[in-house]
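**Q** Below is the sequence, then the predicted model.
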Amino acid sequence: MKKLFTFSFLFLFCTLAWAAENNKDIIVYKSPLCGCCSKWVAHLRDNNFTVTEVNVDDVTPYKEKYSVPARIGSCHTAVIDGYVIEGHVPATDILSLLNKRPAVLGLTVPGMPLGSPGMEVGDRFQPYDVLLMNKDGSDEVYNSYTEK
């Protein structure tokens with residue numbers, strides 16, 4: 001009986017861990033006219049995310065709904081597993097956030113820096129930071145990209 005209990009516990013634990021690790025369902029609120037948003041969605045799909053695109057005329061209400069501070073906003077807003085993803089955040093940083101599970105609002109790449117996912121323009125590149133959005137409205141650097 002003890003072996004059965006141990007096996008059941010391990011099976012349940014592994015199943016829950018697998019589900020948490022593989023929850024890559026993301027909803028993206030974006031303009032249907034924005035090419036860079038579509039390229040960012042393609043970047044997510046290339047990294048095995050399941051993307052639901054919601055084309056809207058104005059993304060501002062979604063930024064407000066999900067408490068994205070205007071000063072660190074971008075062109076699209078996404079939600080995944082309780083987190084907000086604002087702008088051209090690399091898929092690797094989203095995965096890192098999902099694995100670490102900090103008690104924060106989410107991640108943002110403010111503005112639209114050249115060279116970030118979806119903003120590729122030849123060899124042009126602007127260094128940029130991925131910011132951690134805290135629930136109190138503050139932010140801090142989560143990751144920095146200084147070269148392509």
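**A** Right, received. Where do you want to start? Numbers count the residues shown, from 1 in each chain.

**Q** Contacts only, for the closest residue in space to Ile72 that isn't next to it in sequence.
**A** In space, Ile72 comes closest to Pro110 once its chain neighbours are excluded; the distance is 4.3 Å by Cβ to Cβ, 6 or more residues apart in numbering. C-beta here means a position set from N, CA and C on the backbone, and glycine is covered the same way. If you count contacts by Cβ atoms under 8 Å, 6 or more residues apart in numbering, Pro110 has them with 71-74, 86-87, 131.

**Q** hmm, 10 Å instead?
**A** 69, 71-74, 86-88, 128-131, 139 (Cβ atoms under 10 Å, 6 or more residues apart in numbering).

**Q** do the same with Met133
**A** 66-69, 72, 83-86, 104-108, 139-140, 142.

**Q** Lys148 too?
**A** Contacts of Lys148 (Cβ under 10 Å, 6+ apart): 114-115, 120, 123-127.

**Q** Leu98 contacts Asn47, doesn't it?
**A** No. Taking contacts as Cβ atoms under 10 Å, Leu98 lies outside contact range of Asn47: 11.9 Å.

**Q** what's the overlap in contacts for the two?
**A** Lys24.

**Q** Where does pLDDT dip in this protein?
**A** 1-22 (pLDDT under 70).
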